[in-house]
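Student: Dropping a prediction and its sequence here:
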Amino acid sequence: MKGATRPTRSGEIVRNWHLIDLKGKILGRAAGDIAAKLIGKSKPYFVPNLDCGDYVIVVNATGVEVTGKKESQKEYHHFSGYPGGLKRKPYHRVMQEKPERIIQEAVSGMLPKNKLRDSMLTRLYVYPGSEHPYKAKLTK
């Protein structure tokens, strides 16, 4: 059977490295682009049952912007599992303490809700400044 389409095998997946600078970019739009690279949707051999995505390095997480009143109204939640264990932090406080969390949660919400999500998120590296230890990976 000549010209038949073969299914993608996990050994055929090639993972590239991408550097994304978030200085002055909108959070939601940037998170969508990052999620698409982590999923691998632009690859010709993409299949939804395999993790085909690339590695993504995000720099300048402190420079990301939000639109509207999100800066004063958005909250991040964490629940300990105990009664009264709901912890809330406003956006501006999370941005001061750990800006990486803002990017990771936005991207996590845009990834598919299945068993591949954790392996996709392990290939996301977020840094608050412009310095990162993966310069050698990007010079290929």
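Tutor: That came through, no problem. Numbering: from 1, shown residues only.
Student: any low-confidence regions in the chain?
Tutor: Counting by pLDDT under 70, the ranges of the chain that qualify are 1, 140.
Student: Do a quick rundown of the helices in it.
Tutor: For the chain, helices defined by DSSP state H occupy the ranges 27-39, 70-73, 91-97, 99-110, 117-121, 135-138.
Student: Can you say which of those is nearest to residue 58?
Tutor: Among the helices of the chain, helix 99-110 comes nearest to residue 58, with 5.7 Å by C-beta to C-beta. (Glycine included, C-beta is placed from N, CA and C.)
Student: what's in contact with the closest one?
Tutor: 22, 27-28, 30-32, 34-35, 38, 58, 61-62, 64, 76, 91, 94-95, 117, 121, 124, 126-128 (C-beta atoms under 8 Å, 6 or more residues apart in numbering).
Student: rewinding a little: need the helices of the chain in JSON lines (columns: distance to residue 17 and mean neighbour count).
Tutor: Compiled in JSON lines, those are given as follows (distance: least, C-beta to C-beta, whole Å; neighbours: other C-beta atoms under 10 Å):
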{"stretch": "helix 27-39", "distance to residue 17": "10", "mean neighbour count": "19"}
{"stretch": "helix 70-73", "distance to residue 17": "30", "mean neighbour count": "11"}
{"stretch": "helix 91-97", "distance to residue 17": "26", "mean neighbour count": "14"}
{"stretch": "helix 99-110", "distance to residue 17": "16", "mean neighbour count": "18"}
{"stretch": "helix 117-121", "distance to residue 17": "15", "mean neighbour count": "15"}
{"stretch": "helix 135-138", "distance to residue 17": "5", "mean neighbour count": "11"}
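Student: Including distance to residue 46, could the ones you listed go into JSON lines?
Tutor: Formatted as JSON lines, the helices of the chain follow (distance: least, C-beta to C-beta, whole Å):
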{"stretch": "helix 27-39", "distance to residue 46": "8"}
{"stretch": "helix 70-73", "distance to residue 46": "32"}
{"stretch": "helix 91-97", "distance to residue 46": "33"}
{"stretch": "helix 99-110", "distance to residue 46": "16"}
{"stretch": "helix 117-121", "distance to residue 46": "13"}
{"stretch": "helix 135-138", "distance to residue 46": "22"}
